[in-house]
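Colleague: here are the coordinates; sequence isn't available:
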């Protein structure tokens, strides 16, 4: 951030809230985002874990239980994706019929992807929906932070 005038070169006062502390909290990233948008970002297929971490780290959403629930549920859904990719896929690749293993992997990925899309729609309509197992884990995670 420039602290000098581009025309005359004199030192300029820093803008309020532009210091390193506010940038570290993710204030610039989450400044104009509504709670609904923040919750929706947590369900972007495959990449939703990144905004979910920002939401959980932001001071702005520390007391918003609904947004935090969606952030945790989005993170846990990503963990399920990773489990399918790193644990289930190698197991099924050892089956004698390689195509059957690939088909099962694709089906499981489609189910997780469908859950992301389903949660995007539900969250955009501001409806609360708890996925089986993943939703229960998200509820517990939110409750433990109080």
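Modeller: Sure, I can see it. This is a predicted model, so every value here is computed, not measured.

Colleague: what's the helix or strand for the residue nearest in space to the middle of the chain?
Modeller: For the chain, the residue nearest the mean C-alpha position is residue 52 (2.6 Å; CA atoms, centre = their mean). Under the criterion of DSSP states H and E, residue 52 resides in helix 49-57.

Colleague: pull the distance from the top helix by length along the chain to the chain's centre.
Modeller: In the chain, assigned by DSSP state H, the helix with the most residues is helix 98-124. Here helix 98-124 is found 17 Å from its chain centre; the criterion is CA atoms, centre = their mean, to the nearest Å.

Colleague: tell me the domain boundaries of the protein?
Modeller: According to automatic domain parsing, the chain comprises the domains 1-31, 34-144.

Colleague: confidence-wise, which of those domains is weakest overall?
Modeller: Ranked by mean pLDDT, those end with domain 1-31 at the bottom, a mean of 61.

Colleague: quick revisit: most tightly packed of the domains of the chain?
Modeller: domain 34-144 (a mean of 16; mean count of other CB atoms under 10 Å). Every C-beta, even on glycine, is put in place using the N, C-alpha and C of the backbone.

Colleague: quote the end-to-end distance of that one.
Modeller: Start-to-end span of domain 34-144 (CA to CA, to the nearest Å) is 24 Å.

Colleague: quick one: furthest residue from the center of this structure?
Modeller: The chain, farthest from centre, CA atoms, centre = their mean: residue 8 at 44.3 Å.

Colleague: tell me the secondary structure at that one.
Modeller: Per DSSP: H, G, I helix; E, B strand; the rest coil, the secondary structure class of residue 8 is coil.

Colleague: kindly report the same for residue 60.
Modeller: helix.

Colleague: brilliant, that's me finished.
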